[in-house]
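>>> have a look at this prediction, sequence included:
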Amino acid sequence: MPTQGLLLSSRDLFLIPFSLLWCGFAIFWTYSATRQGAPLFFDAWGAMFVCVGFFMVFGRFIVDAWLRRRIYYAVTNKRILIMRQAPSATFTSIDLDHIPDVQLTGETATRGTLRFGAAASGYSFSGSSRMTGWFPALDPVPQFIGIQDPRRVFDLVMKTRRDDTR
């Protein structure tokens, strides 16, 4: 299973300041509009952006943790298996000899991520990877997110791939 709870990654170096600026400006704008007696529409419009800002600052971490609680991983002698129960149930099975690329990134010495395929840009806001930066658990590239002892799992996958090609 992926690491549970709060999971920060390198993409948060951009996303956290961006979300704080967004939320701060939305609060400032809404407060200013209200104090100056703007019509109710401006208050409602600003409140919508404040809600989006709060979601970007706090809610995205809660949603991502909820998604990761519903993901399970396995490595067999032939396949990588990923079962995802939310937001919709999916089961992914990848033959070890058909994995184009295996990448290991370590958030810490004991926790890291294995990606089975080319990484999409973490800052992409278009196409199918639109939510990838905000919710790592929704990344379309098959991966083991925030697993314990990622080096051991990486070595196991690579060894199994080598043994299978012989």
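Okay, I see it.

>>> can you get me a residue count around the closest residue to residue 84 other than its chain neighbours?
Leaving aside its chain neighbours, residue 84 sits nearest to residue 90 (4.7 Å; criterion: Cβ to Cβ, 6 or more residues apart in numbering). To be clear about C-beta, it is placed using only N, CA and C from the backbone, and glycine gets the same treatment. If you count neighbours by other Cβ atoms under 10 Å, residue 90 ends up with 11.

>>> following the chain past the strand or helix carrying residue 24, name the next helix or strand.
In the assignment (DSSP states H and E), residue 24 maps to helix 12-35. Using DSSP H and E, the helix or strand that follows helix 12-35 towards the C-terminus is helix 40-54.

>>> what packs against that next one?
Here helix 40-54 touches helix 12-35, going by 3 or more Cβ pairs under 8 Å, 6 or more residues apart in numbering; DSSP states H and E.

>>> report the mean per-residue pLDDT for the helix it packs on.
In this model, helix 12-35 has an average pLDDT of 92.

>>> for that helix, buried residues please.
Buried residues in helix 12-35, defined by neighbour count with 16 or more other Cβ atoms under 10 Å: 12, 15, 19, 22, 23, 26, 27, 30, 33.

>>> same check, this time on stretch 61-72
Of all the residues in stretch 61-72, those buried under the rule 16+ other Cβ under 10 Å are 61, 63, 64, 65, 67, 68, 71.

>>> dump those to TSV, plus pLDDT and distance to residue 102.
Shown next, in TSV, are the buried residues of stretch 61-72 (pLDDT from 0 to 100; distance: Cβ to Cβ, whole Å):
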residue	pLDDT	distance to residue 102
61	91	27
63	90	27
64	88	23
65	90	25
67	89	23
68	89	20
71	91	18
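
>>> ok, these vs residue 1, which is closest?
Proximity of those to residue 1 (Cβ to Cβ) peaks at residue 71, which lies at 6.7 Å.

>>> so that closest one versus residue 54, what's the distance?
Counting by Cβ to Cβ, to the nearest Å, the separation of residue 71 from residue 54 is 25 Å.

>>> the protein: helices as residue ranges?
12-35, 40-54, 60-68, 150-165 (DSSP state H).

>>> out of those, the one nearest residue 136 is which?
Across those, closest to residue 136 is helix 60-68 (Cβ to Cβ), at 6.3 Å.
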